[in-house]
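Asks: take a look and give me a structure for this.
(one chain, ligands or ions: 1)
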Amino acid sequence: MRTPIIAGNWKMHQTGQEAVDLASGLRQRLKDVNGVRVVICPPFTSLLSVSRAIEGSDILLGGQNMHWEEKGAYTGEVSPTMLLTAGCKYVIVGHSERRALFSETDDTVNLKTKSSLKFGLSPIICVGERLEQREANETKEVVEHQVKGAFKDLNSEDVGKTVVAYEPVWAIGTGKTATPEQANEVHRFIRGLLSSEFGRECAEEINVLYGGSVKPENSRELLEMPEIDGALVGGASLDAQSFEKIVRSSIGD
Ligand code: 13P
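Replies: Modelled structure (predicted):
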């Protein structure tokens with residue numbers, strides 16, 4: 001059985017004190033919750049202060065992006081060791097906003113995936129089709145390309161430490177959610193791909209999260225699906241009460 005993961009991607013929201021307050025509020029609300037792994041991904045500037053605010057709790061910290069090099073002349077970038085020393089265990093890689101707005105490609109996603117694993121961070125690798133691709137029946141083709149690109153040259157031991165997030169681009173921040181059946185079908189497809197590349201045992205270890213307008217109102221039915229092992233939550237992760245409800249729904253609470 002895979003332990004569900006509920007990850008909050010705060011994107012470019014929450015300044016210093018706001019981030020600490022949100023993290024402290026979540027810590028308080030979630031202190032009796034077991035059986036789910038909760039990850040929060042604040043902006044870089046708040047990683048250290050949020051790390052202190054959740055210290056000693058079960059909440060885990062993640063970065064929203066990173067460079068694949070350990071250090072160097074890369075103005076504006078953040079390295080895997082910087083994330084690690086700020087307290088991160090996870091890092092989001094290849095989010096569709098980074099692919100669309102910041103020229104992220106399957107090749108850079110692959111470099112980041114390999115580097116995060118080398119330094120001991122678990123990558124949350126994002127894949128998902130745009131609306132026109134879904135309408136042209138290209139969802140599986142697009143997702144296959146992204147998954148194979150991200151996992152190129154990885155061994156099954158490393159693959160077992162990764163998390164995949166299926167985030168259909170048309171569902172992100174739009175209020176439109178994939179139906180539980182639509183999402184489950186793509187999740188099954190992703191696990192099948194990983195199984196044929198890296199073996200069934202390895203594929204069964206990997207959490208495949210769903211992301212795209214996940215809210216307390218729809219999380220339960222999504223998370224009940226057999227292939228949906230958690231959620232990557234944007235907007236609703238900025239509200240402690242909503243995020244708490246999503247976390248609780250993942251364990252049938
Ligand atoms: P929303 O939950 O705001 O749609 O964002 C999803 C997302 O992009 C999480 O990474």
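
Asks: so what's the residue count around the residue of the stretch 1-150 of the chain found nearest the ligand?
Replies: Using C-beta to the nearest ligand atom, the single residue of the stretch 1-150 of the chain nearest to the ligand is Asn9, 3.7 Å away. Quick note: C-beta positions are derived from backbone N, CA and C, even for glycine. The number of residues packed near Asn9 is 26, by other C-beta atoms under 10 Å.

Asks: pretty sure it sits against Ile92.
Replies: Yes. The pair Asn9 and Ile92 qualifies as a contact (C-beta atoms under 8 Å) at a distance of 6.2 Å.

Asks: next up, the contacts around the residue of the stretch 1-150 of the chain closest to the ligand.
Replies: Going by C-beta atoms under 8 Å, 6 or more residues apart in numbering, Asn9 touches Cys41, Gln64, Ile92, His95, Gly211, Leu232, Val233, Gly234, Ser237.

Asks: within reach of the ligand, which of those residues are there?
Replies: The subset of those lying close to the ligand, counting by C-beta under 6 Å from any ligand atom, consists of His95, Gly211, Leu232, Val233, Gly234.

Asks: how far does stretch 59-69 stretch from start to finish?
Replies: One end of stretch 59-69 to the other measures 27 Å (C-alpha to C-alpha, to the nearest Å).

Asks: name the residues contacting each of Asn9 and Ile92.
Replies: With C-beta under 8 Å, 6+ apart as the test, Asn9 and Ile92 both reach Cys41, Gln64, Leu232.

Asks: helix, strand, or coil at the residue nearest to the first one when sequence neighbours are not counted?
Replies: Residue nearest to Cys41 in three dimensions, not counting chain neighbours: Gly62, with 4.1 Å by C-beta to C-beta, 6 or more residues apart in numbering. Reducing the assignment at Gly62 to three states with DSSP: H, G, I helix; E, B strand; the rest coil gives strand.

Asks: need the pLDDT of Gly62.
Replies: pLDDT, Gly62: 98.

Asks: is it bridged to anything, and to what?
Replies: Beta-bridge partners of Gly62, counted by DSSP bridges, are Tyr90.

Asks: what's the neighbour count on it?
Replies: Neighbour tally, Gly62, other C-beta under 10 Å: 25.

Asks: whichever residue of the chain sits closest to the ligand: how many residues sit nearby?
Replies: In the chain, no residue comes nearer to the ligand than Gly234, which is 2.2 Å away by C-beta to the nearest ligand atom. Neighbour count of Gly234, defined by other C-beta under 10 Å: 21.

Asks: how about the closest residue to it other than its chain neighbours, phi and psi?
Replies: Distances taken as C-beta to C-beta, 6+ apart place Asn9 nearest to Gly234, at 5.3 Å, with adjacent residues excluded. Phi and psi for Asn9, reported as degrees, to the nearest 10, are phi -100, psi 100.

Asks: tell me the bridge partners for Asn9.
Replies: Cys41.

Asks: nearest to Ser195 among the shared contacts of Asn9 and Ile92?
Replies: Of all the shared contacts of Asn9 and Ile92, Leu232 has the smallest distance to Ser195: 21.8 Å, by C-beta to C-beta.

Asks: would you confirm that the closest one belongs to a helix?
Replies: No. Under three-state DSSP, Leu232 sits outside any helix and is assigned strand.

Asks: OK, contacts around Val214?
Replies: Residues near Val214 by C-beta under 8 Å, 6+ apart: Thr177, Leu222, Ala231, Leu232, Val233, Gly234, Ala236, Ile246.

Asks: quick one: pLDDT of the third one?
Replies: Reported pLDDT at Ala231 in the predicted model: 98.
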